[in-house]
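Enquirer: heads up, no residue letters with this:
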DNA sequence: TTGCATGCAAATTTTTTGCAGCCAG
DNA sequence: CTGGCTGCAAAAAATTTGCATGCAA
């Protein structure tokens, strides 16, 4: 029974292979951390969460860059001075961040796809959207009270 | 006649004073460059365009950071490894960038405001949106043909 | 005159690169 | 085996900071 189940390892292995990458332990560990995080992580946070299993930073940067180019990861900009990455969830969620306390929530089903189609229809000089970013910044309920 | 007209200088001076800043020549030059650019600029491009009139880089970074915090500038992320800034135009336009050749066009009236209100209504843990980012990446008509 | 701004120089932080050796396929 | 990956070390790029001086108000 147990060995018939598709493990997390296998899932990531297939994902990597499918994109033409070798399924190395470093990359599988990276994907695992990102999946469990449920929020976009910086290189620093990834390294900390991997602890002693963390590969060299150069490897992390290279992996993130390649996996992003392959569409496996999304690049998220929190207007800090460093990049954040998360798994490219097909559900296409986005983030709402409190600029005061840093709290973050996800939101989805926001119809950004429709918005994008409309823009694309109106913009003949461009023919295809492959990626988009949509981030909201503001105040959470607690911080707004103060 | 001529001296009754509100000059660009005066406009920026008022803008800076209104936000509690001193209207220094360095900052006025910076705003002037950004206004004329019609596209978000990196620190490098700002420096180049200012030429011999460019203040120290530290000053540029400090100015950009402060003017952004005051809402005078917008922070734009093109998924490069450095920040870009543009004047915070009340028209709220966004950018569509070709990932192949770097070409960029602006678009506006994309109803992102409605989208934001909807999200806000559905997200009781957050009470106010002060800033947002929306960027499209894809292929321009020329690059898509190839 | 007074304190916010700037220049200068140095330090930090973030990201990239070259190259030799390693390991997944 | 073998070419893509990784570690290591060094460099490059991007951004910040401390402090003395300068200039707008």
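Expert: Here it is on my side, so go on. The structure displayed is predicted, hence computed values, not measured ones.
Enquirer: ok, the helix or strand that contains residue A:128 near chain B or not?
Expert: Taking DSSP states H and E as the criterion, residue A:128 maps to strand A:126-140. Yes: using C-beta under 8 Å from any C-beta of the partner chain, strand A:126-140 reaches chain B at A:126-140. Where C-beta positions appear, they are placed from N, C-alpha and C, glycine not excepted.
Enquirer: can you say which of those are buried?
Expert: Taking 16 or more other C-beta atoms under 10 Å in any protein chain shown as the criterion, what is buried in the residues of strand A:126-140 next to chain B is A:126-127, A:129, A:131-140.
Enquirer: tell me which of the residues you listed is nearest to DNA strand C?
Expert: residue A:133 (15.0 Å; C-beta to the nearest atom of the strand).
Enquirer: neighbours around the residue in chain A that DNA strand C sits nearest to, how many?
Expert: Here chain A gets closest to DNA strand C at one residue, residue A:58, 3.1 Å apart by C-beta to the nearest atom of the strand. Look at residue A:58: counted by other C-beta atoms under 10 Å in any protein chain shown, it has 8 neighbours.
Enquirer: and the pLDDT at it?
Expert: The model reports residue A:58 with a pLDDT of 98.
Enquirer: secondary structure element for it?
Expert: helix A:57-69.
Enquirer: what residues sit buried inside stretch A:52-61?
Expert: Of all the residues in stretch A:52-61, those buried under the rule 16+ other C-beta under 10 Å are A:54, A:55, A:60.
Enquirer: report the contact partners of the residue most central in space within chain A.
Expert: For chain A, the residue nearest the mean C-alpha position is residue A:86 (1.7 Å; C-alpha atoms, centre = their mean). For residue A:86, the contact set (C-beta atoms under 8 Å, 6 or more residues apart in numbering or on different chains) comprises A:34, A:37, A:39, A:40, A:41, A:73, A:74, A:76.
Enquirer: state the pLDDT value of the closest residue to the third one other than its chain neighbours.
Expert: Counting by C-beta to C-beta, 6 or more residues apart in numbering or on different chains, the nearest residue to residue A:39 once its immediate chain neighbours are dropped is residue A:104, at 6.2 Å. Residue A:104 is assigned a pLDDT of 96 by the prediction.
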